[in-house]
Every structure is written in structure tokens, then in C-alpha cells.
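Asker: Requesting a structural model of the entry that follows:
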Amino acid sequence: MILKPTPNNLTKLEKLFEEAKYILRFEKGTFNSGYCVLEHKKVVVVNKFLNLEGRINTLLDILPTLKLDDSVLSPESHKLYKQVLEDRLNNVSGESSAETDASDDQTATEEA
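Answerer: Alright, predicted model coming up:
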């Protein structure tokens, strides 16, 4: 699932973080990855200079790394959270099989 970069989708993600009791802030700073997560304080800081698509992609990257209590989420946010987790799982398993295929091809070439 790839969210289209629309203000409405950004709002949905912001709402999800809010319901999960995370403070979401857009600030300037020196972020290597475009964001910083302070888990013990439940604060997520995102580079404020990112455009709409960058903000959405960054929040989508952060979301699966957090341990959220999905029982506090609204049905809409819960559905979005599950979709993001499933997408992340599919991407990780897809990359693993692609890497295996590539290494098998390289091994076959070396043997020839």
C-alpha cells in the first residue's frame, strides 16, 4: 500500500500518531534520515523542510518501528496501521527473495 501524497493522507497519519499518544513535531535540525524518534518520551521529530511526499514517506517508515497499543486507535487509524505493517512485511519478504534470486544468478554465472 502506497499512500498518495495528499494533505488528507498526511492528516490521517498525524491522527494515528496522536491517537497512539505520540507527539509529532516538524522541526529543523540535523537529521541523517530526516527524522528522530525519542521513544521514552513518545516524541517523533520530522524534518520540517521535507515536502508533503517526504513527510508521508517518513511517517510510513517510522510507523512500523514503533510499538503501538492498537487498542487505543480508532477503527480508521487501526485499519491504516495494519495496512502499513502488512505493506512493510511484504516489502521486506519481497526484498529477501529478490536478493536470494540475485545471489543465485551470480553463483550460476561464477560456476559457468
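
Asker: can you tell me the helix or strand for residue 8?
Answerer: helix 7-19 (DSSP states H and E).

Asker: buried residues in that helix?
Answerer: 9-10, 12-13, 15-17, 19 (16 or more other CB atoms under 10 Å). C-beta: built from backbone N, CA, C; applies to glycine.

Asker: Now residue 83: which helix or strand?
Answerer: Residue 83 belongs to helix 75-111, assigned by DSSP H and E.

Asker: can you check residue 37 too?
Answerer: Using DSSP H and E, residue 37 sits within strand 35-38.

Asker: What is that strand packed up against?
Answerer: strand 43-47, helix 52-62 (3 or more CB pairs under 8 Å, 6 or more residues apart in numbering; DSSP states H and E).

Asker: Throw these into a markdown table and include distance to residue 75, mean pLDDT and mean neighbour count, thanks.
Answerer: Listed next are the helices and strands packed on strand 35-38 as a markdown table, based on distance: least, CB to CB, whole Å; pLDDT from 0 to 100; neighbours: other CB atoms under 10 Å:
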| stretch | distance to residue 75 | mean pLDDT | mean neighbour count |
| --- | --- | --- | --- |
| strand 43-47 | 23 | 94 | 18 |
| helix 52-62 | 20 | 94 | 18 |
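
Asker: Go through these and name the closest to residue 2.
Answerer: helix 52-62 (8.4 Å; CB to CB).

Asker: And the contacts of that closest one?
Answerer: Applying CB atoms under 8 Å, 6 or more residues apart in numbering, the contact partners of helix 52-62 are 3, 5-7, 9-10, 13-14, 17, 24, 26, 33-35, 37, 44, 46-47, 50, 84.

Asker: any low-confidence regions in the chain?
Answerer: The chain contains residues with pLDDT under 70 at 1, 94-112.

Asker: Recalculate using a threshold of 80.
Answerer: 1-2, 31, 92-112 (pLDDT under 80).

Asker: Nearest to residue 92, out of the helices and strands packed on strand 35-38?
Answerer: For residue 92, the closest of the helices and strands packed on strand 35-38 is helix 52-62, at 12.5 Å, according to CB to CB.
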